[in-house]
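**Student:** after the sequence you'll find the predicted model.
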Amino acid sequence: MTWRLPRPAWLVVVLLVASGCGGTGARPSEGQPPAASPRPGAETVTYDDAGHEMDLYLPTGGEPSAMVLLVPGVSPDPSPKDHPGFAAWGARLAGAGVVAAVPNHDAVVGGSPAGVAQLRRAVRALRDRVAELAPEPVPLVTMGFSAGGPDWVEASFDPANQPVDALVGFYAEVEPPSGEGTRGSLAHHLASSDRPVLLAYGLADTAPGILSSLRAFRRAARTSDVDATILTHPTAGHAFDVLLDDGRTRSIIRRTVDFVAAPVRRGASAARSWHR
């Protein structure tokens, strides 16, 4: 599935206003542009020999409390990291004291070992950059979107990337289609390596495979006795976090930020011991 997000002028307002990070306060229907630039405060690095780039959003003042790797979905855009929605997430998370990283990688439908290998290098570059900002290792959270789900799931449980302290998925493919094995199966991985997970979906999402993936995860989770926090918006479609500004969207965004912070605090000591 390839899904191109529209780019209306108000695209980043939802996340910025919901988090108190600026913006005009306009609702999408008013069509007013946000006050912030499309990629405020982004530091761009090249993280591998193939020239893949990653934007880093760094908190101002003090050491970062955590780092988050955001994995975009499959897109025809040559540089998905530049999408204003990811810039808004990066700014929001940096405002919460977290280093947020958005890498470009060669995402394909269903994921691929090559894509996971690229994310492995992105994680390494992210950790190296954070090590310059904090004397002690900080916890890692991964955040996957849309059809980037298979690579996000596999990268989150890749032994080379451990420890990954928590996972967040927004309208993400978390289970492969029936009969296609366990690659990219979140429930399969959680059955043997449990950790905090939050998933968010709009129940009016018409993007191919998204809601069927959620239903498959729920079925597998019941039989495997795994758990996840699942937040839903009853009337929202795909990419609701940046395209639909209403109370439920804002609540999901706030709860997501709270979720990221809570397991980070609980798991900080364990994460540091793993690094050593």
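**Tutor:** Sure thing, it's come through.

**Student:** chain center to the helix or strand where Leu198 lies: distance?
**Tutor:** Element membership for Leu198 (DSSP states H and E) is strand 197-202. Computed by CA atoms, centre = their mean, to the nearest Å, the chain-centroid distance of strand 197-202 equals 11 Å.

**Student:** so what strands line up beside that strand?
**Tutor:** Counting by DSSP bridges, the strands paired with strand 197-202 are strand 166-170 (parallel), strand 229-233 (parallel).

**Student:** list the contacts of that strand.
**Tutor:** 166-172, 174, 186, 190, 210-211, 214, 217, 227-233, 235-238, 240-241, 244, 252, 255-256, 259 (CB atoms under 8 Å, 6 or more residues apart in numbering). For the C-beta atoms, the positions are set from N, CA and C on the backbone; glycine is no exception.

**Student:** selecting buried members of those in ChimeraX, what would you type?
**Tutor:** Selection of buried members from these for ChimeraX, criterion 16 or more other CB atoms under 10 Å:
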select :166,167,168,169,170,171,172,174,186,190,210,211,214,217,228,231,233,236,237,238,240,241,244,252,256,259
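
**Student:** buried stuff in stretch 114-123?
**Tutor:** Gly115, Val116, Ala117, Gln118, Leu119, Arg120, Arg121, Ala122, Val123.

**Student:** leaving out sequence neighbours, find the closest residue to the last one.
**Tutor:** Pointing back at Val123 there. Asn161 (4.8 Å; CB to CB, 6 or more residues apart in numbering).

**Student:** okay, the strands paired with strand 197-202 in JSON lines with mean pLDDT next?
**Tutor:** Shown next, in JSON lines, are the strands paired with strand 197-202 (pLDDT from 0 to 100):
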{"stretch": "strand 166-170", "mean pLDDT": "97"}
{"stretch": "strand 229-233", "mean pLDDT": "96"}
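
**Student:** redo those strands as a markdown table? Include distance to Ala101.
**Tutor:** Formatted as a markdown table, these follow (distance: least, CB to CB, whole Å):
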| stretch | distance to Ala101 |
| --- | --- |
| strand 166-170 | 14 |
| strand 229-233 | 23 |
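
**Student:** ok, the residue most central in space within the chain to Val130 distance?
**Tutor:** By CA atoms, centre = their mean, the chain has its centre lying nearest to Met143, at 2.3 Å. Going from Met143 to Val130 by CB to CB, to the nearest Å gives 16 Å.

**Student:** and what of Leu93?
**Tutor:** Leu93 is 13 Å from Val130, by CB to CB.

**Student:** ok, now Phe240?
**Tutor:** Relative to Val130, Phe240 is positioned 30 Å away (criterion: CB to CB).

**Student:** so where's this protein uncertain?
**Tutor:** 1-40, 261-276 (pLDDT under 70).

**Student:** now do the helices in it.
**Tutor:** Here the chain has its helices, by DSSP state H, at 13-19, 84-95, 113-131, 149-157, 186-192, 210-224, 240-243, 247-275.

**Student:** list the contacts of the closest residue to Pro176 other than its chain neighbours.
**Tutor:** Excluding its sequence neighbours, the residue lying closest to Pro176 (CB to CB, 6+ apart) is Gly184, at 5.0 Å. Neighbouring residues of Gly184 by CB under 8 Å, 6+ apart: Gly110, Gly111, Gly149, Pro150, Asp151, Val153, Glu154, Glu173, Val174, Glu175, Pro176.
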